[in-house]
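1. sharing a sequence plus its predicted fold:
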Protein chains: 2
Amino acid sequence: MRVNWDTALSLGTQLLVERGVPAAHAALQAEVLVEGELKGHPSHGLQRLPRILERIERGLIDPASEGSWHWRSSSFLEMDGEKGLGPVVAQSALGLICARAGTTGIAVAGIRNSNHLGMLAYYVERIAENGQIGLALSSSEALVHPYGGTRGLIGTNPLAIAVPTAGRPMVVDLATGVVSMGKIHHHAATGLPIQEGWARDGGGKPTTDAAAATKGSIAPFGDAKGYALGMALELLVASIAGSALAPDVRGTLDADSVCNKGDVLIAIDVGEQPALLASFSSYLDRIRNSEPADPTHPVTVPGDGASQRRQRALHDGIDIAPRLWSELNALSCSNQSLVKGHGQ
Amino acid sequence: MRVNWDTALSLGTQLLVERGVPAAHAALQAEVLVEGELKGHPSHGLQRLPRILERIERGLIDPASEGSWHWRSSSFLEMDGEKGLGPVVAQSALGLICARAGTTGIAVAGIRNSNHLGMLAYYVERIAENGQIGLALSSSEALVHPYGGTRGLIGTNPLAIAVPTAGRPMVVDLATGVVSMGKIHHHAATGLPIQEGWARDGGGKPTTDAAAATKGSIAPFGDAKGYALGMALELLVASIAGSALAPDVRGTLDADSVCNKGDVLIAIDVGEQPALLASFSSYLDRIRNSEPADPTHPVTVPGDGASQRRQRALHDGIDIAPRLWSELNALSCSNQSLVKGHGQ
């Protein structure tokens, strides 16, 4: 079914406010989830909201927290999320490092004890809107196996980078697994097999059975190189944020544990460079206009697809599973009978 | 043939000194090339030396330069390499940003107008030896085609990251092409076909003919994700270093152009964290000891292979093509008859 983005945003915000989340925090958390929907990444969209609400109710998330911080040194921010909502804590850090990078040229924030950020693209886009280069990294539970290995020991360790151009910033947002566990769950739910090479089962054997793969581990993307990148990000985040390593990470998805993954945000200020930004835009257009391998599929630049999906969804509404939309509506206190029905 | 590393280092240094390179610069440039050999990456080893010597003779490299720099802001170093040898200029920048990161927490150097750095691992290892996290990025000529594209428009854009542990730092060093152009040239020279999916020919068609591929372009590693990463690094380097974009880059390999690619070095100081470093070492050992997909191939951690090859080569000598070794010896002024023969 189709739902207007502002209807989705209102409902998401309302559900959070009803659990005692301050209005500004609720609006931001809902916005980040709706952004995931708009860009066509429902795995980072509203389907995460019921679990967030549950975590708030259980005290695993403190929705009032904006984190506490201190500058370890002039360009290095240490942020304790104090169990706050991921987007709220990240926004605190982001404001501080962007302002600081304006004077020092570069600033980094290491964030621990915060909750799931949603799509990392959201944050680097905010940094790029500020005219700065943005980088964001997060760690996660151990879902990815080493290249040549069989056991999930590494986080999905996403990385997002946004670089300003004369037009829309170029935005890259990628996890280091070949596929997301969300997609494998989606295949399992719909009874579809998964591609060979995507995953191993709980016993460490290669599998195309999605249900079996949900109990196992995902392959790194790009073989040895993607594995190397994922490992580097694993240690980078733990080192800068002082957070747990993948095998010990809990709380990004479950309803039982305080979240102990880490996030890293970096802002780099290269000053005003209009000629350079214009050359970036020309370069990206040259790539878009270059000869494609398949004439029916023009070459795209990273972020183009998400941006097009977002424009379309802003106009036409978000595609959302009727079941999820019902579930969300049922979670509202303004719909008491349905609320009672939920979870029984 | 096998050559002792110190013999190779002496010859490399001597050849440079004979072209008027200051002794310390010659030793560093030779060391970086020999490190490439030791780690089993001859594409970044001594085979590059004849071209470096030629570039010095033609005035495309100023071997005395250590670059000129200024701090744009407290944590952002702007370095003009002034046509210096890549390793010499990078070492200047590295010393400055490591010292600065010790007080500001993080420091970045954007380097332009410098020459080829050789293996990036070398530089991040030096940062990690200083107890800091090191990142290094370089841009290059347009050798990689977009995902879904057919024309070389993106640099090979390598990325190296080193993170200190309680033992040897974990070192990742990867280019964002699925394979190096050096390897394709090697296949062409030995008459071997290349793997499907590695490259396209000069007309943009997929090819397994190595000779045809040398006139074409390389695929990004890891499909859309590797492409996205390569694009992000392309703009990151140009933005921070103020250097050219891939289609305009010249001078990393040729003997005709001043080199206009860029390099970025970042040092991050997380302070003394012995418990964290010990946990990293335990984690890496856990990965190494995890169940491999193939019982005859234990799981390795990024950098393990290079480190093992280096230990072996330090002991047993470097494997070097007899033809290259003869060529290098012939380039020495202490062997006049052969020098005269060269290039005629």
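-> Thanks, I have the structure now.

2. give me the pLDDT value at whatever residue of the stretch 151-300 of chain A ends up closest to chain B.
-> Using C-beta to the nearest C-beta, the closest approach of the stretch 151-300 of chain A to chain B is made by residue A:222 at 2.4 Å. C-beta here means a position set from N, CA and C on the backbone, and glycine is covered the same way. Looking at residue A:222, its pLDDT stands at 98.

3. then residue A:333?
-> Looking at residue A:333, its pLDDT is 85.

4. mind jotting down where the helices sit in chain A?
-> Along chain A, counting by DSSP state H, helices occupy A:5-18, A:23-38, A:49-57, A:86-104, A:121-129, A:181-190, A:210-214, A:223-241, A:274-288, A:304-316, A:322-330, A:336-341.

5. list the buried residues for the fourth one?
-> Which is helix A:86-104. Residues of helix A:86-104 classed as buried under the neighbour-count rule (16 or more other C-beta atoms under 10 Å in any protein chain shown) are A:86-94, A:96-98, A:100-102, A:104.

6. the fifth one too?
-> Residues of helix A:121-129 classed as buried: A:121-128 (neighbour count, 16+ other C-beta under 10 Å).

7. output those residues as JSON lines; include the columns distance to residue B:266.
-> Shown next, in JSON lines, are the buried residues of helix A:121-129 (distance: C-beta to C-beta, whole Å):
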{"residue": "A:121", "distance to residue B:266": "22"}
{"residue": "A:122", "distance to residue B:266": "23"}
{"residue": "A:123", "distance to residue B:266": "19"}
{"residue": "A:124", "distance to residue B:266": "16"}
{"residue": "A:125", "distance to residue B:266": "22"}
{"residue": "A:126", "distance to residue B:266": "21"}
{"residue": "A:127", "distance to residue B:266": "16"}
{"residue": "A:128", "distance to residue B:266": "18"}
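
8. for chain B, state which of these is nearest.
-> Top of the list for closeness to chain B, among these and by C-beta to the nearest C-beta, is residue A:124 at 9.8 Å.

9. I'd say that closest one and residue A:134 touch.
-> Yes. The pair residue A:124 / residue A:134 is scored as a contact, 3.4 Å apart, by C-beta atoms under 8 Å.

10. now the common contact residues for these two.
-> By the contact definition C-beta atoms under 8 Å, 6 or more residues apart in numbering or on different chains, residue A:124 and residue A:134 are jointly contacted by A:160-162.

11. wait, the residue of the stretch 151-300 of chain A closest to chain B touches residue B:227, no?
-> No. Between residue A:222 and residue B:227 there is no contact, the gap being 10.2 Å when judged by C-beta under 8 Å.

12. who's more crowded, the two?
-> Of the pair residue A:222 and residue B:227, residue B:227 is the one with more neighbours under other C-beta atoms under 10 Å in any protein chain shown, namely 28 against 24.

13. for residue B:159, see how far away the more buried one is.
-> As defined by C-beta to C-beta, to the nearest Å, residue B:227 lies at a distance of 14 Å from residue B:159.

14. show me whatever sits in contact with both of those two.
-> residue B:176.

15. domain map for chain A?
-> With automatic domain parsing serving as the domain definition, the record reports that chain A contains domains spanning A:2-57+A:314-330, A:68-178+A:221-269.

16. which residues of the stretch 1-150 of chain A lie near chain B?
-> In this structure, the stretch 1-150 of chain A approaches chain B at residues A:72-76, A:103-108, A:110, A:133, A:146, A:148-150, judged by C-beta under 8 Å from any C-beta of the partner chain.

17. list only buried entries from those residues.
-> Neighbour counting with 16+ other C-beta under 10 Å marks A:72-76, A:104-108, A:110, A:133, A:146, A:148-150 as buried within these.

18. closest one of those residues to residue B:2?
-> Checking these against residue B:2 with C-beta to C-beta, the nearest one is residue A:148 at 29.1 Å.

19. pretty sure that closest one sits against residue B:301.
-> No. Using C-beta under 8 Å, residue A:148 and residue B:301 do not qualify as a contacting pair, with a distance of 10.8 Å.

20. restricted to strands, list the buried ones among the residues of the stretch 1-150 of chain A next to chain B.
-> Among those, the members found in strands (DSSP state E) are A:72-73, A:76, A:106-108, A:110, A:133.

21. for residue A:222, what are its contacts?
-> Taking C-beta under 8 Å, 6+ apart, one finds A:178, A:229, B:221-223, B:225-226 in contact with residue A:222.

22. next one: it from residue B:230, what distance?
-> Relative to residue B:230, residue A:222 is positioned 11 Å away (C-beta to C-beta).

23. go on, residue A:143?
-> According to C-beta to C-beta, residue A:143 and residue B:230 sit 25 Å apart.

24. can you pick out the residue with more neighbours from these two?
-> residue B:230 (27 against 23).

25. tell me, what's the model's pLDDT at the more buried one?
-> Taken from the predicted model, the pLDDT recorded for residue B:230 is 98.

26. still on that earlier bit, can you tell me which of the ones in strands among the buried ones among the residues of the stretch 1-150 of chain A next to chain B is nearest residue B:60?
-> Where these are concerned, and distances follow C-beta to C-beta, residue B:60 has its nearest neighbour in residue A:133, at 30.4 Å.
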